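Peer 1: any chance you can model this:
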Amino acid sequence: MINTGHWTTELLLESDHQPYGFIYVITNNVNNKKYIGKKQCVSVLKRKPLKGKKNKRHEIVETDWKSYTSSSLELNKDIELYGKDKFTFNIVKWCESKAELAYFEAKLQFECNVLFSDDYYNGIINCRLCRFKIKDKK
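Peer 2: Take a look at the predicted model:
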């Protein structure tokens with residue numbers, strides 16, 4: 001099991017496997033308001049080519065996901081107001097690609113009608129979707 005920082009999850013993840021990202025639900029335990037979002041665990045850093053070479057160098061680096069709270073200003077203000085201990089940070093799905101991450105975040109946001117309910121911090125569903133390949137896990 002990998003260290004997930006303040007995030008909790010009941011989903012299994014092998015210690016040697018780094019997923020691309022995850023879908024999460026943050027719950028304010030004071031007023032039960034929620035936020036649905038996504039976060040990348042890794043990103044690709046593009047470096048200049050080495051001297052005399054043409055191809056850029058790509059390096060996979062871990063993001064700040066273990067300490068990340070949210071991109072929502074309203075939610076972050078409440079975290080500051082009430083304290084981080086009054087919130088539940090739950091990972092609901094691990095994803096293997098950027099396309100998969102975008103799709104499942106939007107899908108969950110639409111299923112929960114986040115834009116039509118005052119029970120959610122979400123104020124926008126912003127997505128760019130494309131087809132993604134499902135990797136065989138054999």
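Peer 1: residues in contact with I91?
Peer 2: For I91, the contacting residues are 4, 7-9, 11, 22-24, by Cβ atoms under 8 Å, 6 or more residues apart in numbering. (Glycine included, C-beta is placed from N, CA and C.)
Peer 1: what's across from it in the sheet?
Peer 2: Y24 (DSSP bridges).
Peer 1: tell me where the chain has strands.
Peer 2: Along the chain, the segments classed as strands by DSSP state E run 21-28, 34-40, 42-47, 57-62, 87-95.
Peer 1: can I get the ones you listed in CSV with mean pLDDT and distance to K133?
Peer 2: CSV is the format used below for those (pLDDT from 0 to 100; distance: least, Cβ to Cβ, whole Å):
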stretch, mean pLDDT, distance to K133
strand 21-28, 97, 16
strand 34-40, 97, 18
strand 42-47, 89, 18
strand 57-62, 88, 19
strand 87-95, 95, 12
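Peer 1: could the ones you listed go into a markdown table alongside distance to N113?
Peer 2: Shown next, in a markdown table, are these (distance: least, Cβ to Cβ, whole Å):
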| stretch | distance to N113 |
| --- | --- |
| strand 21-28 | 14 |
| strand 34-40 | 11 |
| strand 42-47 | 31 |
| strand 57-62 | 34 |
| strand 87-95 | 17 |
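Peer 1: which one of those strands lies nearest to D78?
Peer 2: strand 21-28 (5.9 Å; Cβ to Cβ).
Peer 1: what helices or strands is that closest one leaning on?
Peer 2: Secondary-structure packing of strand 21-28 (3 or more Cβ pairs under 8 Å, 6 or more residues apart in numbering; DSSP states H and E): strand 34-40, helix 73-82, strand 87-95, helix 98-111.
Peer 1: and Y24, how close does it get to K56?
Peer 2: Distance of Y24 to K56, computed by Cβ to Cβ, to the nearest Å: 31 Å.
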